[in-house]
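Need a 3D model of the following:
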Amino acid sequence: MSQNKTKTDMSAPTFWEQYRRKPLGMIGLAIVLVYVFVAIFAPFLTRYSPKQILLADRIAAPIWFRSVVPQYKDAPPTIRAELGPSKWVVSEATGGRLTSDEIDGNAVTVIEFEPVPITMTDESISEGEDDEFQYGDYEGEPSKSVVELSYPIAYDFNPPRTFGSTFNYWIDGSPDSKTELECVIETPEGKEYSLWGKSYSGAVSNQPARVDSRDLTLKQRLGLTIFDDPAPKIFSSKGDYRLILRANSTSGDEPTRVYISNAEFYIPGMVHGLLGADHMGSDLWTQLVYGTRVSLSIGLSAAAISVAVGTAVGIICGYLGGIVDEFMMRVVDVLLAIPTLPILIILGAILGKSVWNIVLLIAAFAWMGTARLVRSQTLSLRERVFVEAAKASGASDAYVMVVHILPNVLPLVFAGMVLRIPSAILTEASLSFLGLGDPRVATWGRMLHNARGFGAFTTLAWWWLVPPGLAITLLSLAFVFIGNTVNEILNPRYRERS
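Residues are numbered from 1 along each chain as shown. Model (predicted):
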């Protein structure tokens with residue numbers, strides 16, 4: 001019993017037992033596990049999509065700035081209201097009413113005007129005529145019907161930089177009907193600003209309506225110059241505002257119906273989310289979280305491909321030797337002498353902006369170091385007794401390389417692959433920063449590219465700049481810690497030194 005115990009105590013420790021004794025290796029592993037958790041559970045860590053825009057104002061600050069930065073204390077968050085039939089309040093209804101309908105599964109607001117009799121003048125009434133009046137019996141001027149819908153907006157913040165509203169509308173009426181539509185904002189002081197208006201005769205097919213305080217047409221409608229900003233002018237005070245949709249109709253002999261769908265009013269916030277918003281109002285925290293997936297995928301894929309190619313070339317050259325070894329090593333020398341980044345920029349511009357193109361380009365210029373390392377180890381292994389015994393027993397070269405050489409170089413290969421991952425991540429970030437990344441995919445390099453191109457440096461929006469840079473640094477450093485630890489455990493040279 002004691003002899004068995006002594007044997008067990010003296011047996012070599014396993015890889016994990018050696019690894020967990022290394023503090024830097026454990027720190028690196030913990031950091032990588034956090035990144036993997038973020039990548040897997042990205043949809044649960046944010047409610048937005050990386051492609052969603054107009055979630056906030058341009059380069060909006062993080063929401064928590066309101067608690068720590070005095071100048072953002074009363075900064076407006078994003079206010080967004082979807083205006084369906086149940087949200088509108090009828091503030092005036094003369095000759096019309098508010099109803100609703102359902103089209104393609106969506107609730108649609110309907111303003112319905114009944115036919116309005118002609119208001120007869122004294123000249124149009126002759127003595128002795130029947131008192132009963134039918135529409136169209138006499139000439140006269142039809143009176144207007146008015147329906148006014150309003151939506152209350154409680155605004156208790158500093159003036160915003162912009163606001164807007166969108167909706168679709170169409171009109172169903174007789175050819176002799178006339179309909180006027182107007183969108184108005186009423187301030188707490190009772191002053192009205194007309195934002196949009198149209199007038200039609202008869203029926204009108206589906207039309208979009210868009211109000212944007214940055215548009216020149218709206219500024220002209222309000223009597224402002226191109227350099228004026230309507231948003232601070234209209235929302236200059238705190239209080240209860242009203243968004244008003246006013247419809248006037250002079251109906252013919254048939255009812256006139258005005259349909260309003262997809263109505264929305266929004267004030268993009270100057271503060272938003274954990275990390276604010278970019279130049280398109282897209283959530284930066286969402287881009288950071290989903291960028292973790294892309295960076296890990298690119299790093300692992302490029303490293304795996306480059307190490308696989310380098311391992312194959314190294315084993316073949318080291319075992320076969322001769323002209324094959326000489327030719328391939330000269331190819332490796334040439335590729336190592338070529339400046340990688342300029343070539344990647346040229347090839348990236350030629351092949352197109354795609355994530356997989358970037359992965360293949362990185363792998364194509366990252367296998368040479370692995371090939372040299374594996375070749376040198378193979379040159380030593382092919383002289384070993386077990387290799388000579390396998391060849392003497394009739395084993396083919398392919399069998400010897402796969403069964404006897406490959407397992408003995410795998411520890412070096414694994415350590416080399418871990419150390420290749422941060423290099424691939426940094427290369428992808430560099431290409432994306434230079435504008436060669438896929439614009440359809442949220443990556444950390446793309447975040448930095450947008451920050452450089454759309455004013456984050458000039459406005460000192462550090463919440464846009466620091467997080468992606470810090471994420472790249474920590475992930476790369478974590479893989480360096482892991483790679484060095486694995487190399488220290490598995491590499492025979494490191495073991496001999498220790």
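
okay, and for the stretch 251-400 of the chain, where does confidence drop off?
251-252 (pLDDT under 70).

So, low pLDDT: which residues of the stretch 51-200 of the chain?
Those would be 116-143, if you go by pLDDT under 70 across the stretch 51-200 of the chain.

How about the secondary structure of the nearest residue to residue 284 once chain neighbours are set aside?
Excluding the flanking residues, the one nearest residue 284 by C-beta to C-beta, 6 or more residues apart in numbering is residue 275, at 4.0 Å. Placement of C-beta: from N, CA and C, glycine included. Secondary structure, DSSP: H, G, I helix; E, B strand; the rest coil: residue 275 is coil.

Assess the claim that residue 275 and residue 288 are in contact.
Yes. Contact status for residue 275 versus residue 288: in contact at 6.5 Å, counting by C-beta atoms under 8 Å.

Identify the contacts common to these two.
By C-beta atoms under 8 Å, 6 or more residues apart in numbering, residue 275 and residue 288 have these common neighbours: residue 467.

Regarding this protein, what is its longest helix?
Ranked by residue count under DSSP state H, the longest helix found in the chain is helix 284-320.

what's that helix packed up against?
Helix 284-320 sits against helix 23-40, helix 42-45, helix 322-337, helix 355-364, helix 368-381, helix 406-433, helix 444-453, helix 462-490, with contacts defined as 3 or more C-beta pairs under 8 Å, 6 or more residues apart in numbering; DSSP states H and E.

between those, which one is nearest to residue 315?
helix 368-381 (5.3 Å; C-beta to C-beta).

hmm, back to that, name the residues of the longest helix of the chain that are buried.
Of the residues in helix 284-320, 284-307, 309-319 count as buried by neighbour count, 16 or more other C-beta atoms under 10 Å.

starting at the chain centroid, how far to it?
Distance of helix 284-320 from its chain centroid, counting by C-alpha atoms, centre = their mean, to the nearest Å, is 24 Å.

Now do that helix and helix 368-381, the angle between them.
With axes from the mean of the first three to the mean of the last three C-alpha atoms, to 10 degrees defining the directions, helix 284-320 sits at 30 degrees from helix 368-381.

Between helix 355-364 and helix 284-320, find me the angle.
Angle of helix 284-320 versus helix 355-364, following the same axes, to 10 degrees, is 40 degrees.

just to revisit the earlier point, list the contacts for the residue nearest to residue 284?
Contacts of residue 275 by C-beta under 8 Å, 6+ apart are 62, 283-285, 288, 463-464, 467.

Of these, just say which sits nearest to residue 24.
So of these, ranked by how close each gets to residue 24 (C-beta to C-beta), first place is residue 467, at 23.9 Å.

For that closest one, give its distance to residue 480.
According to C-beta to C-beta, to the nearest Å, residue 467 stands 20 Å off from residue 480.

likewise residue 168?
In this view, residue 168 and residue 480 are 55 Å apart by C-beta to C-beta.

same thing with residue 163?
Following C-beta to C-beta, the distance that separates residue 163 from residue 480 is 48 Å.

ditto for residue 455
33 Å.

now swap in residue 204 and tell me
Distance of residue 204 to residue 480, given as C-beta to C-beta: 65 Å.

can you redo the helices and strands packed on helix 284-320 as a markdown table with mean neighbour count and distance to residue 258?
What follows is these, written out as a markdown table (neighbours: other C-beta atoms under 10 Å; distance: least, C-beta to C-beta, whole Å):
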| stretch | mean neighbour count | distance to residue 258 |
| --- | --- | --- |
| helix 23-40 | 16 | 49 |
| helix 42-45 | 13 | 40 |
| helix 322-337 | 13 | 69 |
| helix 355-364 | 20 | 48 |
| helix 368-381 | 21 | 70 |
| helix 406-433 | 21 | 48 |
| helix 444-453 | 22 | 41 |
| helix 462-490 | 20 | 43 |
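
Next, the residues that contact the strand or helix carrying residue 347 from outside, please.
Using DSSP states H and E, residue 347 falls within helix 340-351. Helix 340-351 has contacts (C-beta under 8 Å, 6+ apart) with 357-358, 361-362, 365, 427, 430-431, 434, 436.

With distance to residue 253 added, can I get the residues you listed in CSV?
Output for the contacts of helix 340-351, formatted as CSV (distance: C-beta to C-beta, whole Å):
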residue, distance to residue 253
357, 66
358, 67
361, 71
362, 73
365, 78
427, 73
430, 71
431, 68
434, 67
436, 65
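
biggest separation within these, which pair?
365 and 434 (15.9 Å).

still on that earlier bit, would you turn the helices and strands packed on helix 284-320 into CSV with distance to residue 219?
Below are those laid out as CSV (distance: least, C-beta to C-beta, whole Å):
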stretch, distance to residue 219
helix 23-40, 44
helix 42-45, 40
helix 322-337, 59
helix 355-364, 42
helix 368-381, 60
helix 406-433, 37
helix 444-453, 27
helix 462-490, 29
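
Select, out of those, the one closest to residue 264.
helix 42-45 (24.5 Å).

by contact count, what packs against that closest one?
Counting contacts by 3+ C-beta pairs under 8 Å, 6+ apart, helix 42-45 packs against helix 284-320.

what's the angle between the helix it packs on and helix 444-453?
Going by the same axes, to 10 degrees, helix 284-320 is angled at 130 degrees with respect to helix 444-453.

burial of residue 266, as a residue count?
By other C-beta atoms under 10 Å, the residues close to residue 266 number 20.

now the one 5 residues further on
In terms of burial, residue 271 registers 22 neighbours under the definition other C-beta under 10 Å.

That one contacts residue 63, correct?
Yes. Contact criterion C-beta under 8 Å: residue 271 and residue 63 qualify, at 4.8 Å.

Now do the strands in the stretch 101-250 of the chain.
106-113, 118-119, 141-142, 145-155, 164-172, 178-186, 192-201, 204-212, 239-250 (DSSP state E, counting those that start in this stretch).

can you list those in JSON lines and add distance to residue 417 and mean neighbour count?
Below are these laid out as JSON lines (distance: least, C-beta to C-beta, whole Å; neighbours: other C-beta atoms under 10 Å):
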{"stretch": "strand 106-113", "distance to residue 417": "52", "mean neighbour count": "20"}
{"stretch": "strand 118-119", "distance to residue 417": "87", "mean neighbour count": "13"}
{"stretch": "strand 141-142", "distance to residue 417": "82", "mean neighbour count": "14"}
{"stretch": "strand 145-155", "distance to residue 417": "56", "mean neighbour count": "18"}
{"stretch": "strand 164-172", "distance to residue 417": "51", "mean neighbour count": "19"}
{"stretch": "strand 178-186", "distance to residue 417": "60", "mean neighbour count": "19"}
{"stretch": "strand 192-201", "distance to residue 417": "60", "mean neighbour count": "16"}
{"stretch": "strand 204-212", "distance to residue 417": "51", "mean neighbour count": "14"}
{"stretch": "strand 239-250", "distance to residue 417": "59", "mean neighbour count": "20"}
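
Which stretch among those strands approaches residue 90 most closely?
Nearest to residue 90 among these is strand 145-155; the distance by C-beta to C-beta comes to 6.2 Å.

I figured residue 304 hits residue 417, correct?
Yes. Contact criterion C-beta under 8 Å: residue 304 and residue 417 qualify, at 6.5 Å.

quick one, domains of this structure?
16-52+283-497, 79-126+134-267 (automatic domain parsing).
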